[in-house]
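[1] quick one: sequence and predicted model below, then my questions.
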Amino acid sequence: MVAADPERGLEAMAPNLRVSLLGWWDRHGRHSIPWKLGPDGGPVADGIELDPYPIWVAEVMLQQTQLPVMLPYWRRWLAAFPSLELLAAAEEQQVLLLWQGLGYYSRARRLHQGGRQLVAAAAQHGQQRPATGTATPAAAIGAATAPASPAMAAAPFPRSLAGWQALPGLGRSTAASILSSAFDQPAAILDGNVKRVLARLIATPLPPARQLARFWRLSDTLLDPQRPRAFNQALMDLGSTLCIPRHPACGRCPWRGPCAAYAAGDPAKYPVKDAPRAVPYQVIGVGVVLDGAGRVLIDQRLNEGLLGGLWEFPGGKQEQGEPIAATIARELAEELAIEVEVGEQLIVLDHAYSHKKLRFVVHLCRWLGGEPQPLACQQLRWVEPAGLDAYPFPAANARIIAALRQRLGIVPAAAATESLQVGENRLSA
């Protein structure tokens, strides 16, 4: 069990904790994560460098998404953009379309921005990276072959924590995970799994969010300087497979002996959490506006803020006591400068974000007049309903599109898939 002074106790126990954790991980850890495999598709030896590009993409995708969910997106991404240069050359809409359904779309935009930033910096310093391929095995992504050497693959990428954190959207833990995974450098991490493991190890009565500096010290103290890549992965695997939020499998945990939460008899009590804040609830009136030719009007959100750069059906928040039809007519007049006749209800759907809950009440609308103007968005387009798949929409809008097509008796066109393939072929040329 950890001593009365947890930090001093862990420092003394760190060598034994490293040995027991790495011994468990060597036997039971997740050794098939594709971006952590060598060019031959097998486990990589300690000290061997890997291509940072697929690792960077994976770590950004994992920021708000669990591995089983993000893995197909990662494979599609590497098939479409198998190199940093191809990502940097892509249009933002191509990037967002590939990300569609994964949520938190600012991650995609920041990856794109970071890719351009790295390519520009490499060009400025005369560095060059192979135009195709990654050190990730082709079998893992269904794409390119490996470059000549990891050193060539890593040419434009930072080799310091500060360098990675200079890229858009990368905090300390994500940057450290990339650094240790790609270059096997000793950089401590502190993701959700690690916080939970450490909180239970010392049975702290305070939430981790209130003592981040302390948790960073603990993670740094425990890190194995000889096998940092393996240790960080082992720590994450421990949190994701045994030390899970509910019903932890303490009987199989290599750290059960020194775990203060296990000794206290209720490890699931930790980490302690602050009382949850009330989540606001809003009703959004949405207008699916059709013109005389049967086309539908969509707008592209501003890049700043939630869901930036995505397309959507126009609408806005319902005011207190306002009929939903009045909400839709008012919002379309204020934001698009058009007059519509609000018709029948198409669909009602609920959607929850981390910070709010929304109910979308969607009505079909007939365009009566006024030239649509992008007063609160980037741009507007009239689109055939069958061709909406060519535009990246938020997840909730996919159900609206499906309801619209069902109402109109329209089968989705293959144009969207063909358009994406053409874009990929153009990038590969």
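    Noted; the coordinates are in hand.
[2] pop the domain breakdown of this structure in here.
    Domain assignment for the chain by automatic domain parsing gives 49-183, 281-428.
[3] return the most buried member of those.
    Highest mean neighbour count among these (mean count of other CB atoms under 10 Å): domain 49-183, with a mean of 19. For glycine as for every other residue, the C-beta is placed from the backbone atoms N, C-alpha and C.
[4] centre of the chain to that one, how far?
    Relative to its chain's centre, domain 49-183 lies at 12 Å (CA atoms, centre = their mean, to the nearest Å).
[5] and the most centrally placed residue in the chain, what does it touch?
    Taking CA atoms, centre = their mean, the centroid of the chain lies closest to Met61, which sits 3.2 Å from it. Met61 makes contacts with 70, 73-74, 77, 102, 107, as judged by CB atoms under 8 Å, 6 or more residues apart in numbering.
[6] Asp291 too?
    Counting by CB under 8 Å, 6+ apart, Asp291 makes contact with 297, 367, 382.
[7] what helix or strand is the first one located in?
    Which is Leu297. Assessed by DSSP states H and E, Leu297 sits inside strand 296-300.
[8] what's the first helix or strand after that strand?
    Per DSSP H and E, strand 296-300 leads on to strand 311-312 as the next helix or strand towards the C-terminus.
[9] who are the packing partners of that following strand?
    Judged by 3 or more CB pairs under 8 Å, 6 or more residues apart in numbering; DSSP states H and E, strand 311-312 is in contact with strand 296-300.
[10] which stretches in the stretch 251-400 of the chain count as strands?
    Along the stretch 251-400 of the chain, the stretches classed as strands by DSSP state E, counting those that start in this stretch are 281-290, 296-300, 311-312, 315-317, 339-352, 357-369, 379-383.
[11] how many neighbours does the residue nearest to Phe231 when sequence neighbours are not counted have?
    Using CB to CB, 6 or more residues apart in numbering and skipping the chain neighbours, the partner closest in space to Phe231 is Asp224 (4.0 Å). Per other CB atoms under 10 Å, the neighbour tally for Asp224 reads 21.
[12] mind listing what Asp224 touches?
    For Asp224, the residues meeting the contact criterion (CB under 8 Å, 6+ apart) are 18, 22, 186, 230-231.
[13] give the PyMOL command for selecting the buried subset of the residues you listed.
    Here is the PyMOL selection string for the buried members of the contacts of Asp224, based on 16 or more other CB atoms under 10 Å:
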select buried, resi 18+22+186+230+231
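[14] could you dump the contacts of Asp224 to CSV with pLDDT, distance to Gln165 and secondary structure?
    Shown next, in CSV, are these (pLDDT from 0 to 100; distance: CB to CB, whole Å; DSSP: H, G, I helix; E, B strand; the rest coil):
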residue, pLDDT, distance to Gln165, secondary structure
Arg18, 97, 26, helix
Leu22, 98, 27, helix
Pro186, 97, 16, coil
Ala230, 97, 23, helix
Phe231, 98, 21, helix
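[15] hang on, the earlier thing: farthest-separated two in the contacts of Met61?
    For the contacts of Met61, the maximum inter-member distance is 12.2 Å, found between Trp74 and Arg107 (CB to CB).
[16] got the end-to-end distance for stretch 240-257?
    One end of stretch 240-257 to the other measures 19 Å (CA to CA, to the nearest Å).
[17] next: stretch 80-96.
    End-to-end distance of stretch 80-96 (CA to CA): 12 Å.
[18] and the contacts of Met61 as CSV, adding distance to Val348 and pLDDT?
    Shown next, in CSV, are the contacts of Met61 (distance: CB to CB, whole Å; pLDDT from 0 to 100):
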residue, distance to Val348, pLDDT
Met70, 30, 94
Tyr73, 29, 96
Trp74, 34, 97
Trp77, 33, 97
Leu102, 25, 89
Arg107, 29, 93
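[19] from the residues you listed, which land in helices?
    Residues of the contacts of Met61 located in helices (DSSP state H): 70, 73-74, 77, 107.
[20] nearest to Leu408 among those residues?
    Closest to Leu408, out of all of the ones in helices among the contacts of Met61 and judged by CB to CB, is Tyr73, at 29.8 Å.
[21] show me the shaky parts of this protein.
    Within the chain, the stretches with pLDDT under 70 are 1-6, 126-155, 412-429.
[22] go again with 50.
    Scanning the chain for pLDDT under 50 picks out 130-153, 414-429.
[23] out of the domains of the chain, nearest to Pro271?
    Closest to Pro271 of the domains of the chain is domain 49-183 (CB to CB; 15.7 Å).
[24] from one end of the closest one to the other, what's the distance?
    5 Å.
[25] check stretch 276-296 too.
    Using CA to CA, one end of stretch 276-296 lies 40 Å from the other.
[26] ok, stretch 27-46 next?
    Across stretch 27-46, the terminal residues are separated by 16 Å (CA to CA).
[27] can you check stretch 389-398 too?
    9 Å.
[28] ramachandran angles for the nearest residue to Val272 once chain neighbours are set aside?
    Residue nearest to Val272 in three dimensions, not counting chain neighbours: Pro207, with 5.3 Å by CB to CB, 6+ apart. Its backbone dihedrals place Pro207 at phi -60, psi 140, with angles given as degrees, to the nearest 10.
[29] burial of Pro207, as a residue count?
    15.
[30] check Gly265 too.
    The number of residues packed near Gly265 is 7, by other CB under 10 Å.
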